[in-house]
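Student: The sequence isn't on hand, but the structure is:
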């Protein structure tokens with residue numbers, strides 16, 4: 001079992017390494033004066049002893065800092081946390097200094113007796129060092145958090161961009177466009193009125209997917225409206241072999257979800273399953289006022305080439321919710337049915 005030392009900022013022991021020698025030399029020069037530098041029997045042992053004491057003090061202060069951060073993690077508690085940290089550190093350092101000063105009296109070769117004035121000077125210096133190191137560690141911790149948040153923000157943007165590209169890939173690729181145009185061509189020959197409706201719905205689908213905004217969330221109402229046009233194209237192409245049924249509670253329509261989420265799940269379903277008029281693929285999209293929307297389909301697996309990455313869109317959607325710090329996407333696979341539950345967010349900030 002590895003011993004894990006407490007770390008507050010991630011750079012604690014780098015700071016310890018940088019400050020260890022200057023601190024021990026300054027402290028011992030206060031205690032012994034010029035003898036510390038001129039007497040080799042004092043210099044080496046006292047440097048090692050004070051370095052050991054400083055390390056114990058530094059590690060104990062790190063443990064206290066972590067404990068206080070766990071107890072007071074919120075931004076508005078920062079001032080109180082820093083005050084308590086400094087208070088505890090100064091008190092604890094006083095105990096260690098007192099132990100060190102009296103400990104030196106044990107060694108006859110040091111020829112040292114407790115010096116109250118020297119202790120007071122050392123204690124004042126130690127208090128100043130504690131205040132400086134506390135603020136330094138807090139600054140480093142905040143900088144690291146800022147870097148992590150910046151990295152996470154960039155990752156969110158990257159994931160949303162990839163998601164949009166995946167959505168476009170599934171629709172704008174030549175196969176989908178060819179199939180849509182082929183269906184349109186057939187309708188023109190059979191029913192010009194229906195062909196006009198199909199073309200109108202097709203333009204809505206492409207307009208939504210090629211929209212120029214960078215919104216990370218849209219209302220469920222907007223997404224459902226898009227899905228209505230999207231499924232119209234699919235149902236005209238597959239006929240009764242594919243059935244998409246929507247059952248959405250009105251109060252859920254103003255909640256939010258990432259754009260193209262439902263399209264990803266519907267595409268995932270018909271990409272993996274076979275469908276015929278006798279055995280149609282039925283996809284149910286339902287919400288029930290529980291801050292989630294469920295997309296369920298009967299399972300009729302078809303043979304899929306190994307080089308087809310059919311789950312990439314779903315994986316991307318799961319990562320997107322994780323980066324939004326929202327509730328997780330729940331995937332429930334049974335023998336005859338797959339259900340995927342997407343959290344609905346109450347506001348654009350991402351709160352479920």
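Tutor: Alright, I've got the coordinates. This is a predicted model, so every value here is computed, not measured.
Student: how many neighbours does residue 245 have?
Tutor: Other residues near residue 245 number 11, with proximity taken as other CB atoms under 10 Å. Backbone N, C-alpha and C define where each C-beta goes, glycine included.
Student: In its sheet, which strands sit next to the strand or helix carrying it, and in what direction?
Tutor: Element membership of residue 245 [criterion: DSSP states H and E] is strand 242-247. On the basis of DSSP bridges, the sheet neighbours of strand 242-247 come out as strand 281-287 (parallel).
Student: The helix or strand following the strand it pairs with versus strand 281-287: what angle between them?
Tutor: Next in sequence after strand 281-287, counting helices and strands by DSSP H and E, comes strand 292-298. Taking axes from the mean of the first three to the mean of the last three CA atoms, to 10 degrees, one finds strand 292-298 and strand 281-287 inclined to each other by 170 degrees.
Student: Centre of the chain to whatever helix or strand comes next after strand 292-298, how far?
Tutor: Towards the C-terminus, the helix or strand next in line after strand 292-298, according to DSSP H and E, is helix 312-323. How far helix 312-323 lies from its chain's middle: 13 Å, per CA atoms, centre = their mean, to the nearest Å.
Student: tell me the mean pLDDT for helix 312-323?
Tutor: The average pLDDT for helix 312-323 rounds to 81.
Student: contacting residues around residue 248?
Tutor: By CB atoms under 8 Å, 6 or more residues apart in numbering, the residues touching residue 248 are 220, 224, 285, 286, 287, 293.
Student: ok, the residues you listed vs residue 113, which is closest?
Tutor: Comparing the contacts of residue 248 against residue 113 with CB to CB picks out residue 293 as the nearest, at 78.2 Å.
Student: Show me which parts of the strand holding residue 245 are buried, residue by residue.
Tutor: 242, 243, 244 (16 or more other CB atoms under 10 Å).
Student: per-residue confidence averaged over it?
Tutor: If you average the per-residue pLDDT over strand 242-247, you get 92.
Student: Would you tell me what the next helix or strand after that strand is?
Tutor: strand 256-257.
Student: Show me what the strand or helix carrying residue 59 packs onto, helices and strands only.
Tutor: Assignment of secondary structure by DSSP H and E places residue 59 within helix 40-71. Using 3 or more CB pairs under 8 Å, 6 or more residues apart in numbering; DSSP states H and E, the elements in contact with helix 40-71 are helix 12-32, helix 35-38, helix 78-104, helix 116-172.
Student: how about a cut-off of 7 Å?
Tutor: Contact here means 3 or more CB pairs under 7 Å, 6 or more residues apart in numbering; DSSP states H and E; on that basis helix 40-71 packs against helix 12-32, helix 35-38, helix 78-104.
Student: Report the distance from the second one to the chain centre.
Tutor: Put simply, helix 35-38 sits 54 Å off its chain's centre (CA atoms, centre = their mean).
Student: just the longest one next, same as before
Tutor: Once both centres are worked out by CA atoms, centre = their mean, helix 78-104 turns out to sit 35 Å from its chain's centre.
Student: Quick one: neighbours of residue 151, just the number.
Tutor: Around residue 151 sit 10 other residues, with neighbours defined as other CB under 10 Å.
Student: Please report the distance of it from residue 140.
Tutor: If you measure residue 151 against residue 140 using CB to CB, to the nearest Å, the figure is 16 Å.
Student: Equivalent analysis for residue 248, please.
Tutor: Relative to residue 140, and taking CB to CB, residue 248 is found at 49 Å.
Student: got it, and residue 103?
Tutor: Applying CB to CB, one obtains 32 Å for the distance of residue 103 from residue 140.
Student: Neighbour count for these two, which is higher?
Tutor: Set side by side, residue 103 and residue 140 show unequal neighbour counts under other CB under 10 Å, the larger going to residue 140 at 17 against 14.
Student: Can you give me every residue that contacts residue 56?
Tutor: Contacts of residue 56 were listed using CB atoms under 7 Å, 6 or more residues apart in numbering, and they are residue 96.
Student: quick one, domains of this protein?
Tutor: Residue ranges for each domain of the chain read 12-151, 173-343, as given by automatic domain parsing.
Student: Among these, which comes closest to residue 159?
Tutor: Among the domains of the chain, domain 173-343 sits nearest to residue 159 (CB to CB), with 5.2 Å.
Student: burial count for the residue nearest to residue 323 when sequence neighbours are not counted?
Tutor: Closest residue in space to residue 323, ignoring its immediate chain neighbours: residue 156 at 4.6 Å, by CB to CB, 6 or more residues apart in numbering. One way to gauge burial is a neighbour count; for residue 156, by other CB under 10 Å, it gives 18.
Student: If anything else comes up later, I'll come back, but that's it for now.
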